[in-house]
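[1] Compute the structure for the input listed below.
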Amino acid sequence: MPNVSYSVELFPHPYDHLNTLRIDHPCSGLDLFRFAVANKLQTASFSDRWSRSPTRAVFDSAVEPALFVYSNVTTSIGRLSVHQNFRVLTPTEKGPISRQLGEAFARFYAQKLLGVSKLFVLESIRAQNAAQVHFHNPNVGRPKQPDMIGNTPDGAWHVLEAKGVSLQGNLSAAMEKGKVQAANIKDINGVIPSTRIVAGTLISYDGFDTTLTDPPAERAPAFVEVDVRLANLAYYRPFVDLRREDLSPVVVEGVEYLFMTNQGGGAEFGIARRLLDDLKDDSFEAFPVGFDRFRERESDGYSLGTDGYAARLS
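    I've put the predicted structure just below:
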(Lines give C-alpha, C1' and ligand atoms only; values in the text may rest on other atoms or scores of the structure.)
Protein backbone atom coordinates (compact mmCIF):
# COMPACT_ATOMS: atom_id res chain seq x y z
CA MET A 1 0.00 0.00 0.00
CA PRO A 2 1.34 3.49 -0.80
CA ASN A 3 2.20 6.03 1.88
CA VAL A 4 1.13 9.54 2.74
CA SER A 5 2.83 11.72 5.35
CA TYR A 6 1.65 13.71 8.32
CA SER A 7 2.87 15.59 11.38
CA VAL A 8 1.07 16.40 14.64
CA GLU A 9 1.70 19.30 16.99
CA LEU A 10 0.14 20.70 20.14
CA PHE A 11 -2.22 17.79 20.79
CA PRO A 12 -3.13 17.95 24.51
CA HIS A 13 -3.15 15.15 27.07
CA PRO A 14 -4.23 12.35 26.68
CA TYR A 15 -3.45 12.68 22.98
CA ASP A 16 0.00 14.21 23.40
CA HIS A 17 1.62 10.87 22.56
CA LEU A 18 0.43 11.47 18.99
CA ASN A 19 2.59 14.57 18.61
CA THR A 20 5.25 13.77 16.05
CA LEU A 21 7.50 15.16 13.40
CA ARG A 22 6.65 14.19 9.84
CA ILE A 23 6.18 10.43 9.42
CA ASP A 24 4.59 8.16 6.83
CA HIS A 25 1.29 6.33 7.06
CA PRO A 26 -0.11 3.77 4.58
CA CYS A 27 -3.16 4.97 2.69
CA SER A 28 -4.90 3.74 -0.44
CA GLY A 29 -6.69 5.80 -3.05
CA LEU A 30 -9.74 3.60 -2.53
CA ASP A 31 -9.88 4.60 1.15
CA LEU A 32 -9.70 8.25 0.14
CA PHE A 33 -12.53 7.69 -2.31
CA ARG A 34 -14.69 6.18 0.46
CA PHE A 35 -14.01 9.09 2.80
CA ALA A 36 -14.75 11.57 -0.01
CA VAL A 37 -18.11 9.93 -0.73
CA ALA A 38 -19.00 9.89 2.98
CA ASN A 39 -18.35 13.62 3.07
CA LYS A 40 -20.35 14.38 -0.08
CA LEU A 41 -23.30 12.30 1.17
CA GLN A 42 -23.68 14.90 3.93
CA THR A 43 -23.10 18.03 1.90
CA ALA A 44 -24.72 17.31 -1.48
CA SER A 45 -28.31 18.19 -2.34
CA PHE A 46 -30.42 15.39 -3.82
CA SER A 47 -33.87 16.95 -3.72
CA ASP A 48 -34.07 18.15 -7.32
CA ARG A 49 -33.25 14.71 -8.74
CA TRP A 50 -34.62 12.35 -6.10
CA SER A 51 -38.11 11.96 -7.55
CA ARG A 52 -36.75 10.75 -10.91
CA SER A 53 -34.21 8.24 -9.60
CA PRO A 54 -32.99 8.17 -5.98
CA THR A 55 -29.96 6.01 -6.78
CA ARG A 56 -29.03 8.17 -9.74
CA ALA A 57 -29.38 11.27 -7.57
CA VAL A 58 -26.92 9.88 -5.02
CA PHE A 59 -24.43 8.87 -7.70
CA ASP A 60 -24.62 12.15 -9.57
CA SER A 61 -24.37 14.31 -6.43
CA ALA A 62 -21.96 12.34 -4.23
CA VAL A 63 -20.28 9.37 -5.91
CA GLU A 64 -19.42 10.96 -9.26
CA PRO A 65 -17.74 14.03 -7.70
CA ALA A 66 -15.68 11.71 -5.48
CA LEU A 67 -14.77 9.63 -8.53
CA PHE A 68 -13.52 12.78 -10.25
CA VAL A 69 -11.34 13.54 -7.22
CA TYR A 70 -10.07 9.95 -7.25
CA SER A 71 -9.18 10.26 -10.95
CA ASN A 72 -6.66 12.92 -9.95
CA VAL A 73 -4.88 10.61 -7.47
CA THR A 74 -2.11 8.22 -8.43
CA THR A 75 0.70 6.16 -6.92
CA SER A 76 4.33 6.96 -7.69
CA ILE A 77 7.42 5.39 -6.08
CA GLY A 78 5.42 4.04 -3.17
CA ARG A 79 3.62 7.30 -2.43
CA LEU A 80 0.08 8.45 -3.01
CA SER A 81 0.12 11.76 -4.87
CA VAL A 82 -1.83 13.97 -7.22
CA HIS A 83 -1.83 12.90 -10.88
CA GLN A 84 0.15 14.85 -13.47
CA ASN A 85 -3.14 15.64 -15.21
CA PHE A 86 -3.82 17.97 -12.28
CA ARG A 87 -1.36 20.40 -13.88
CA VAL A 88 -3.63 21.18 -16.82
CA LEU A 89 -6.62 22.08 -14.63
CA THR A 90 -7.54 25.69 -14.03
CA PRO A 91 -7.39 27.16 -10.51
CA THR A 92 -11.20 27.04 -10.48
CA GLU A 93 -11.07 23.29 -11.17
CA LYS A 94 -8.21 22.63 -8.75
CA GLY A 95 -9.93 24.34 -5.83
CA PRO A 96 -12.80 21.85 -5.27
CA ILE A 97 -10.44 18.88 -5.72
CA SER A 98 -7.99 20.26 -3.17
CA ARG A 99 -10.82 21.03 -0.76
CA GLN A 100 -12.37 17.56 -1.05
CA LEU A 101 -8.99 15.88 -0.63
CA GLY A 102 -8.38 18.01 2.46
CA GLU A 103 -11.73 16.89 3.89
CA ALA A 104 -11.03 13.25 3.04
CA PHE A 105 -7.65 13.36 4.78
CA ALA A 106 -9.19 15.02 7.84
CA ARG A 107 -11.58 12.07 8.08
CA PHE A 108 -8.74 9.62 7.45
CA TYR A 109 -6.58 10.93 10.31
CA ALA A 110 -9.53 11.40 12.68
CA GLN A 111 -10.25 7.71 12.30
CA LYS A 112 -6.65 6.51 12.31
CA LEU A 113 -5.33 8.66 15.16
CA LEU A 114 -8.37 9.41 17.31
CA GLY A 115 -10.74 6.53 16.56
CA VAL A 116 -13.52 8.84 15.32
CA SER A 117 -15.58 6.66 13.00
CA LYS A 118 -17.99 9.39 11.86
CA LEU A 119 -17.44 13.09 11.41
CA PHE A 120 -20.65 15.07 11.20
CA VAL A 121 -20.60 18.07 8.88
CA LEU A 122 -21.78 20.76 11.27
CA GLU A 123 -23.67 22.83 8.71
CA SER A 124 -25.42 19.70 7.42
CA ILE A 125 -26.68 18.47 10.79
CA ARG A 126 -27.78 22.01 11.63
CA ALA A 127 -29.84 22.11 8.44
CA GLN A 128 -31.49 18.81 9.42
CA ASN A 129 -32.33 20.04 12.95
CA ALA A 130 -29.86 17.64 14.54
CA ALA A 131 -27.71 20.42 16.01
CA GLN A 132 -27.98 23.99 17.18
CA VAL A 133 -25.13 26.47 17.50
CA HIS A 134 -25.54 29.12 20.18
CA PHE A 135 -23.39 32.16 20.81
CA HIS A 136 -22.50 33.48 24.23
CA ASN A 137 -22.87 37.02 22.92
CA PRO A 138 -25.52 36.94 20.17
CA ASN A 139 -25.13 40.68 19.64
CA VAL A 140 -21.66 40.16 18.20
CA GLY A 141 -21.24 38.97 14.60
CA ARG A 142 -21.32 35.20 14.20
CA PRO A 143 -17.85 33.83 13.46
CA LYS A 144 -17.35 31.13 10.87
CA GLN A 145 -17.77 27.61 12.24
CA PRO A 146 -15.45 24.63 11.76
CA ASP A 147 -16.29 21.96 9.20
CA MET A 148 -16.89 18.88 11.31
CA ILE A 149 -17.43 17.42 14.76
CA GLY A 150 -17.31 13.81 15.91
CA ASN A 151 -17.37 11.74 19.07
CA THR A 152 -15.93 8.49 20.37
CA PRO A 153 -17.28 5.76 22.71
CA ASP A 154 -15.54 7.31 25.72
CA GLY A 155 -17.72 10.42 25.41
CA ALA A 156 -15.02 12.66 23.96
CA TRP A 157 -15.92 15.19 21.29
CA HIS A 158 -13.53 16.38 18.61
CA VAL A 159 -13.70 19.45 16.36
CA LEU A 160 -12.02 19.40 12.96
CA GLU A 161 -11.45 22.06 10.35
CA ALA A 162 -10.12 20.72 7.05
CA LYS A 163 -7.95 22.61 4.60
CA GLY A 164 -6.55 21.42 1.30
CA VAL A 165 -4.22 23.53 -0.85
CA SER A 166 -2.11 22.85 -3.92
CA LEU A 167 0.42 25.65 -3.36
CA GLN A 168 2.92 25.49 -0.49
CA GLY A 169 2.71 29.25 -0.08
CA ASN A 170 -1.01 29.08 0.66
CA LEU A 171 -0.80 26.48 3.42
CA SER A 172 0.26 28.77 6.27
CA ALA A 173 -2.55 31.26 5.67
CA ALA A 174 -5.09 28.44 5.35
CA MET A 175 -3.90 26.91 8.63
CA GLU A 176 -4.12 30.23 10.47
CA LYS A 177 -7.67 30.75 9.22
CA GLY A 178 -8.55 27.19 10.22
CA LYS A 179 -7.19 27.68 13.73
CA VAL A 180 -9.65 30.51 14.30
CA GLN A 181 -12.56 28.42 13.00
CA ALA A 182 -11.67 25.34 15.09
CA ALA A 183 -11.26 27.48 18.21
CA ASN A 184 -14.75 28.96 17.89
CA ILE A 185 -16.49 25.98 19.59
CA LYS A 186 -16.41 26.18 23.39
CA ASP A 187 -18.34 23.01 24.18
CA ILE A 188 -20.58 20.35 22.63
CA ASN A 189 -23.50 19.10 24.74
CA GLY A 190 -21.78 20.71 27.70
CA VAL A 191 -18.51 18.84 27.09
CA ILE A 192 -15.36 20.76 26.25
CA PRO A 193 -13.92 19.25 23.04
CA SER A 194 -10.95 17.00 23.70
CA THR A 195 -9.32 18.39 20.56
CA ARG A 196 -9.93 21.31 18.21
CA ILE A 197 -7.90 20.29 15.21
CA VAL A 198 -6.92 21.98 12.00
CA ALA A 199 -5.89 19.43 9.37
CA GLY A 200 -4.13 21.14 6.49
CA THR A 201 -3.12 18.98 3.53
CA LEU A 202 -0.65 20.03 0.85
CA ILE A 203 -1.70 18.49 -2.46
CA SER A 204 1.41 17.89 -4.58
CA TYR A 205 2.96 15.69 -7.24
CA ASP A 206 5.46 14.41 -4.64
CA GLY A 207 2.77 13.19 -2.27
CA PHE A 208 0.11 14.24 0.21
CA ASP A 209 1.44 15.91 3.35
CA THR A 210 -0.95 16.75 6.21
CA THR A 211 -0.21 18.94 9.21
CA LEU A 212 -2.51 18.48 12.20
CA THR A 213 -2.42 21.01 15.00
CA ASP A 214 -4.55 21.75 18.07
CA PRO A 215 -3.79 25.33 19.11
CA PRO A 216 -5.06 26.72 22.42
CA ALA A 217 -8.63 28.01 22.27
CA GLU A 218 -9.33 31.22 24.15
CA ARG A 219 -12.72 32.88 24.59
CA ALA A 220 -14.50 30.47 22.25
CA PRO A 221 -17.77 32.24 21.36
CA ALA A 222 -20.06 29.31 20.49
CA PHE A 223 -21.47 26.18 22.07
CA VAL A 224 -23.19 23.35 20.24
CA GLU A 225 -26.15 21.18 21.19
CA VAL A 226 -26.33 17.92 19.25
CA ASP A 227 -29.11 15.37 19.11
CA VAL A 228 -26.83 12.40 18.51
CA ARG A 229 -29.62 10.14 17.27
CA LEU A 230 -30.71 12.68 14.66
CA ALA A 231 -27.11 13.41 13.75
CA ASN A 232 -26.52 9.74 12.99
CA LEU A 233 -29.70 9.60 10.90
CA ALA A 234 -28.46 12.65 9.00
CA TYR A 235 -25.08 10.98 8.43
CA TYR A 236 -26.71 7.98 6.77
CA ARG A 237 -29.75 9.84 5.40
CA PRO A 238 -29.46 8.91 1.70
CA PHE A 239 -29.38 5.20 2.52
CA VAL A 240 -32.20 5.49 5.05
CA ASP A 241 -34.37 7.09 2.36
CA LEU A 242 -33.46 4.68 -0.45
CA ARG A 243 -35.80 1.80 -1.23
CA ARG A 244 -34.44 -1.67 -0.50
CA GLU A 245 -35.01 -2.67 -4.14
CA ASP A 246 -32.49 0.03 -5.13
CA LEU A 247 -29.74 -1.88 -3.31
CA SER A 248 -27.91 -5.12 -4.10
CA PRO A 249 -26.62 -7.46 -1.35
CA VAL A 250 -22.96 -8.46 -1.26
CA VAL A 251 -21.29 -10.47 1.53
CA VAL A 252 -17.75 -9.37 2.41
CA GLU A 253 -15.89 -11.27 5.15
CA GLY A 254 -19.15 -12.59 6.55
CA VAL A 255 -20.84 -9.17 6.71
CA GLU A 256 -23.72 -8.40 4.36
CA TYR A 257 -23.55 -5.00 2.66
CA LEU A 258 -26.21 -3.37 0.51
CA PHE A 259 -24.71 -1.58 -2.48
CA MET A 260 -25.82 1.03 -4.91
CA THR A 261 -24.23 0.01 -8.19
CA ASN A 262 -23.37 2.61 -10.77
CA GLN A 263 -25.29 1.55 -13.85
CA GLY A 264 -22.50 2.95 -15.99
CA GLY A 265 -19.87 0.96 -14.10
CA GLY A 266 -16.84 2.34 -12.32
CA ALA A 267 -17.90 2.38 -8.67
CA GLU A 268 -20.01 0.76 -5.99
CA PHE A 269 -20.89 2.26 -2.63
CA GLY A 270 -22.79 0.54 0.15
CA ILE A 271 -23.74 0.21 3.77
CA ALA A 272 -23.78 -2.74 6.17
CA ARG A 273 -27.26 -4.27 6.14
CA ARG A 274 -27.47 -4.70 9.91
CA LEU A 275 -26.65 -1.03 10.37
CA LEU A 276 -29.27 0.05 7.86
CA ASP A 277 -31.89 -2.22 9.46
CA ASP A 278 -31.16 -0.64 12.86
CA LEU A 279 -31.47 2.84 11.39
CA LYS A 280 -34.79 2.08 9.72
CA ASP A 281 -36.13 0.36 12.86
CA ASP A 282 -35.00 3.30 15.01
CA SER A 283 -32.94 0.89 17.12
CA PHE A 284 -29.56 2.29 16.08
CA GLU A 285 -26.98 2.77 18.81
CA ALA A 286 -23.98 4.91 17.95
CA PHE A 287 -21.74 2.90 20.29
CA PRO A 288 -23.33 -0.39 21.39
CA VAL A 289 -21.82 -2.33 24.29
CA GLY A 290 -18.47 -3.78 23.27
CA PHE A 291 -18.36 -1.44 20.28
CA ASP A 292 -16.36 -3.19 17.58
CA ARG A 293 -19.06 -3.60 14.96
CA PHE A 294 -16.92 -2.67 11.98
CA ARG A 295 -13.19 -2.71 11.41
CA GLU A 296 -11.51 -0.61 8.78
CA ARG A 297 -9.85 -2.84 6.22
CA GLU A 298 -9.55 -3.72 2.56
CA SER A 299 -10.84 -7.08 1.39
CA ASP A 300 -11.41 -8.50 -2.10
CA GLY A 301 -11.14 -5.05 -3.64
CA TYR A 302 -13.50 -3.43 -1.13
CA SER A 303 -12.64 -0.60 1.23
CA LEU A 304 -14.62 -1.16 4.45
CA GLY A 305 -14.98 1.62 7.02
CA THR A 306 -15.60 1.68 10.75
CA ASP A 307 -18.74 3.71 10.03
CA GLY A 308 -20.30 0.77 8.17
CA TYR A 309 -19.76 2.19 4.70
CA ALA A 310 -18.04 0.22 1.95
CA ALA A 311 -16.68 1.18 -1.46
CA ARG A 312 -15.33 -0.62 -4.49
CA LEU A 313 -13.93 0.60 -7.79
CA SER A 314 -14.13 -1.49 -10.94
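[2] what about the residue lying closest to N129 once chain neighbours are set aside, is that helix, strand or coil?
    In space, and not counting its chain neighbours, N129 is closest to L230: 6.7 Å by CB to CB, 6 or more residues apart in numbering. No exception for glycine: its C-beta is placed from N, CA and C like everyone else's. The three-state label given to L230 by DSSP: H, G, I helix; E, B strand; the rest coil is helix.
[3] heads up, I number from 99, so please use that
    New numbering, starting at 99: the last item is L328.
[4] L328 contacts R224, correct?
    No: with contact defined as CB atoms under 8 Å, L328 does not count as touching R224 (10.9 Å).
[5] need the contact list for F218.
    140, 228-229, 246-248, 324, 329, 332-333 (CB atoms under 8 Å, 6 or more residues apart in numbering).
[6] Looking at those, spot the one nearest S264.
    Relative to S264, the closest of the contacts of F218 is M246; by CB to CB it sits at 21.4 Å.
[7] which residue packs closest to that closest one, ignoring adjacent ones?
    Nearest non-adjacent residue to M246, counting by CB to CB, 6+ apart: L217, 4.1 Å away.
[8] Over to E221?
    Leaving aside its sequence neighbours, E221 sits nearest to Q243 (CB to CB, 6+ apart; 7.1 Å).
[9] pretty sure that neighbour is touching V231, no?
    Yes: using CB under 8 Å, Q243 makes contact with V231 at a distance of 6.4 Å.
[10] joint contacts of these two?
    With contacts defined as CB under 8 Å, 6+ apart, the residues shared by Q243 and V231 are 220, 320.
[11] Next, count neighbours for the residue nearest to M246.
    By other CB atoms under 10 Å, the residues close to L217 number 26.
[12] Contact partners for it?
    137, 204-205, 208, 246-248, 258.
[13] Export the residues you listed to TSV and append columns for pLDDT, secondary structure and neighbour count.
    Putting the contacts of L217 into TSV (pLDDT from 0 to 100; DSSP: H, G, I helix; E, B strand; the rest coil; neighbours: other CB atoms under 10 Å) gives the following:
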residue	pLDDT	secondary structure	neighbour count
N137	94	helix	25
A204	98	helix	28
R205	97	helix	27
A208	97	helix	25
M246	97	strand	28
I247	97	strand	25
G248	96	strand	24
L258	97	strand	29
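[14] what's the most distant pair in those residues?
    N137 and I247 (13.5 Å).
[15] Following element in sequence after the lowest-mean-pLDDT helix or strand in the chain, please.
    The helix or strand of the chain with the poorest confidence is helix 145-148; it has a mean of 64 (mean pLDDT, DSSP states H and E). Heading C-terminal from helix 145-148, the first helix or strand you meet, by DSSP states H and E, is helix 152-156.
[16] That next one packs against which elements?
    Helices and strands touching helix 152-156, by 3 or more CB pairs under 8 Å, 6 or more residues apart in numbering; DSSP states H and E, are helix 145-148, helix 335-339.
[17] Specify the beta-bridge partners of the closest residue to I283 other than its chain neighbours.
    Using CB to CB, 6+ apart and skipping the chain neighbours, the partner closest in space to I283 is V257 (5.0 Å). V257 has these beta-bridge partners by DSSP bridges: I247, R294.
[18] Could I get the contacting residues of V257?
    Contacts of V257 by CB under 8 Å, 6+ apart are 244, 246-247, 280, 283, 286, 291, 293-295.
[19] Just the buried ones among the residues you listed, please.
    Buried members of the contacts of V257, scored by 16 or more other CB atoms under 10 Å, are 244, 246-247, 280, 283, 286, 291, 293-295.
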